[in-house]
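J.: Below is the structure, and that's it, no one-letter string:
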């Protein structure tokens, strides 16, 4: 008798309505409003406007001729490559190493995951001090080892000479732990029987990792790669804190959009729509490239 209660689906709507209303108010309505704003004339934030642009797609034409949009797209593309190779790639290596650690594995799990719990703003301020032109930790270390001339106080202006490296290094360092946990969890689910069979066939640890572990965690790696691609489009707080107003041409799609919010709302709305469209297209491409497979197809 009680089992039939779970087969009755007519009451499910009462449980779905609150979640649907929440998404409607805080997701769908703002998203549709933002699309409409991109076709209107709205100069300043919180200033209403019902005047449509002539032509209505003026902001999107403006985006095609905006040199800073080109810089932001280029830097975002570099960021995507850096997240896939730097974050996911390093996470795979660390997960493979930690999975073979017998003692102290919990210490490494906590250590590698710890950066993800740090506020991105605090992390940006920390790395600003690390790469500080005068008295920064990196410059002091390079003087100490003799790479820079200490007598003449030779220094490197990292934020001017190597802006993208300075910005992307803390981002990669922060999110490696996130993908590390996902991949390590996938590795822990592999049965020891596969490794025992490989060891009996004379496979080394490296061969076991290459021919057993990596193929069996392919779907988890694919998920991490897709998350890395879409996540690179949403990076904002750390780059904005380190390079306010796109210092040294470090614009990303998110930071450039935010820079226009206060004084050019309709154009910022158009950029936001462009980011959503670009994110959707990249998600499709990433899912095609990193297509998930069943265990029988591996």
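T.: That came in fine, so what should we check first? In this text, all values refer to a predicted model and were calculated from it rather than measured experimentally.

J.: Could you use CA atoms for every contact and neighbour count after this?
T.: Fine.

J.: And the closest residue to residue 133 other than its chain neighbours, what's its pLDDT?
T.: Closest residue to residue 133 apart from its sequence neighbours, by C-alpha to C-alpha, 6 or more residues apart in numbering: residue 157 at 5.0 Å. For residue 157, the model assigns a pLDDT of 90.

J.: What distance do you get for residue 65 to residue 169?
T.: 30 Å (C-alpha to C-alpha, to the nearest Å).

J.: more crowded one of these two?
T.: Neighbours around residue 65 and residue 169, counted as other C-alpha atoms under 10 Å, are more numerous at residue 169. The numbers are 13 against 10.

J.: Which parts of the stretch 1-150 of the chain are strands?
T.: Applying DSSP state E, counting those that start in this stretch to the stretch 1-150 of the chain gives no strands.

J.: Which stretches in it count as helices?
T.: 12-23, 29-37, 58-64, 67-82, 89-99, 105-113, 120-130, 137-144 (DSSP state H, counting those that start in this stretch).

J.: now the fifth one, how far from the centre of its chain.
T.: Spelled out, that is helix 89-99. Taking C-alpha atoms, centre = their mean, to the nearest Å, the mean C-alpha location of helix 89-99 is offset from the chain mean by 19 Å.

J.: what sits against the residue nearest to residue 133?
T.: Counting by C-alpha atoms under 8 Å, 6 or more residues apart in numbering, residue 157 touches 131, 132, 133.

J.: Ramachandran angles for the last one?
T.: So the one you mean is residue 133. Dihedral angles of residue 133 (phi, psi; degrees, to the nearest 10) stand at phi -60, psi -50.

J.: who's in contact with the residue nearest to residue 264 when sequence neighbours are not counted?
T.: Closest residue in space to residue 264, ignoring its immediate chain neighbours: residue 43 at 4.7 Å, by C-alpha to C-alpha, 6+ apart. For residue 43, the contacting residues are 263, 264, 265, 266, by C-alpha under 8 Å, 6+ apart.

J.: List the ones among these that fall in helices.
T.: If you go by DSSP state H, the contacts of residue 43 have 265, 266 in helices.

J.: Any buried residues in the helix or strand containing residue 282, and which?
T.: Element membership of residue 282 [criterion: DSSP states H and E] is helix 265-289. For helix 265-289, the neighbour count (16 or more other C-alpha atoms under 10 Å) marks 265-276, 279, 282-283, 286 as buried.

J.: do you know how far residue 161 is from residue 147?
T.: Residue 161 is 16 Å from residue 147, by C-alpha to C-alpha.

J.: that older thread, of all the helices of the stretch 1-150 of the chain, which lies closest to residue 197?
T.: helix 89-99 (17.8 Å; C-alpha to C-alpha).

J.: Would you mind pulling the contact partners of that closest one?
T.: 105, 108-109, 176-177, 179-181, 183-184, 187-188, 209.

J.: So, low pLDDT: which residues of the chain?
T.: Applying pLDDT under 70 to the chain flags residues 1-8, 292-298.

J.: hmm, 50 instead?
T.: When residues are selected by pLDDT under 50, those of the chain lie in 1, 295-296, 298.

J.: Now do the helix holding residue 282: which elements does it pack against?
T.: Helix 265-289 sits against helix 29-37, helix 58-64, helix 218-234, helix 253-259, with contacts defined as 3 or more C-alpha pairs under 8 Å, 6 or more residues apart in numbering; DSSP states H and E.

J.: where does the last one sit relative to the chain's centre, distance-wise?
T.: Taking C-alpha atoms, centre = their mean, one finds helix 253-259 lying 15 Å from the centre of the chain it belongs to.

J.: before we move on, what about stretch 177-192?
T.: The chain centre lies 19 Å from the centre of stretch 177-192; the measure is C-alpha atoms, centre = their mean.

J.: and the residue nearest to residue 142 when sequence neighbours are not counted, what does it touch?
T.: Among residues not flanking residue 142 along the chain, residue 148 sits closest, at 5.6 Å (C-alpha to C-alpha, 6+ apart). Residues in contact with residue 148 (C-alpha under 8 Å, 6+ apart) are 139, 142, 154, 155.

J.: ok, 7 Å please
T.: Residue 148 sits next to 142, 154, 155 when contact means C-alpha atoms under 7 Å, 6 or more residues apart in numbering.

J.: what's the burial count for residue 212?
T.: Around residue 212 there are 16 residues (other C-alpha under 10 Å).
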